[in-house]
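Undergrad: with the sequence up front, the predicted model follows.
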Amino acid sequence: MHDFDHSTLAFVDDIRDRERSLDGYSRYGEFLAHHADRFDRHDALFRSADFAVAVWECARSAFMGGGYVEIRPDLLDLRPVIALDHSLQMRARVGLRHHHLAHPPAGQTADWARDPWQHTDQPWQHPWNPYSTDDAWLLATAELTVPVPLDMLTQPIAGWPYRTLTDEAKHVVSALASHANTVLAPLVADLLGGAR
């Protein structure tokens, strides 16, 4: 696990990606090549924002055994999304514990808990749903969304060679992770008030 902190929501691991590849170049690239049909589209609907969403989704795939990009464990989700106006947004979903709320619930409701299977000495704990189905739950979630500048994106083209597709996808994923760390991380830190 990487050393996450208040300013790091996402981490791209090029070294592990290369070490775990079959061809010595990129495991992520191998995964992209296996799903090349997602990127070889000949219609006008596959825009740079669509490409960004697709390559991030592949970078986060559980089938890659950890993914090309890792997100901080305490986040419920971090991903690019296409807004109603077709712009690209970066969205973080954060589970809020009751002590984060201005007015915690009056009754005894179950809250997000820490993952019982994770080592307790790790500061960024996975949120965990309460076990008991006999209790009331209040699982508050916040979504923080920021726009992604168009100059970060790559316009996809049909029939990209394997390494070109891989390099362009890595560039976009790294830019999105950097944007999340620069723009979203301070908002998440403010929302959580430094709590983990």
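TA: Noted; the coordinates are in hand. Numbers count the residues shown, from 1 in each chain.
Undergrad: give me the pLDDT value at Trp112.
TA: In this model, Trp112 is scored at 62, pLDDT.
Undergrad: which pLDDT value does the model give the residue sitting nearest the centre point of the chain?
TA: In the chain, the residue lying closest to the centroid (Cα atoms, centre = their mean) is Leu78, at 3.1 Å. Note on Leu78: pLDDT of 97.
Undergrad: how much space separates it from Ala36?
TA: 25 Å (Cβ to Cβ, to the nearest Å). For glycine as for every other residue, the C-beta is placed from the backbone atoms N, C-alpha and C.
Undergrad: mind listing what's buried along stretch 55-64?
TA: Val55, Trp56, Cys58, Ala59, Arg60, Met64 (16 or more other Cβ atoms under 10 Å).
Undergrad: from those residues, which is closest to Val183?
TA: Closest approach between the buried residues of stretch 55-64 and Val183, by Cβ to Cβ: Trp56, at 15.7 Å.
Undergrad: tell me which residues in the lengthiest helix in the chain are buried?
TA: For the chain, the helix with the greatest residue count under DSSP state H is helix 162-179. Neighbour counts over helix 162-179 (16+ other Cβ under 10 Å) mark 165-170, 172-177, 179 as buried.
Undergrad: where along this protein do the strands fall?
TA: Secondary structure of the chain (DSSP state E): strands at 10-12, 69-71, 75-82, 88-96, 109-110, 113-114, 127-128, 136-137, 140-147.
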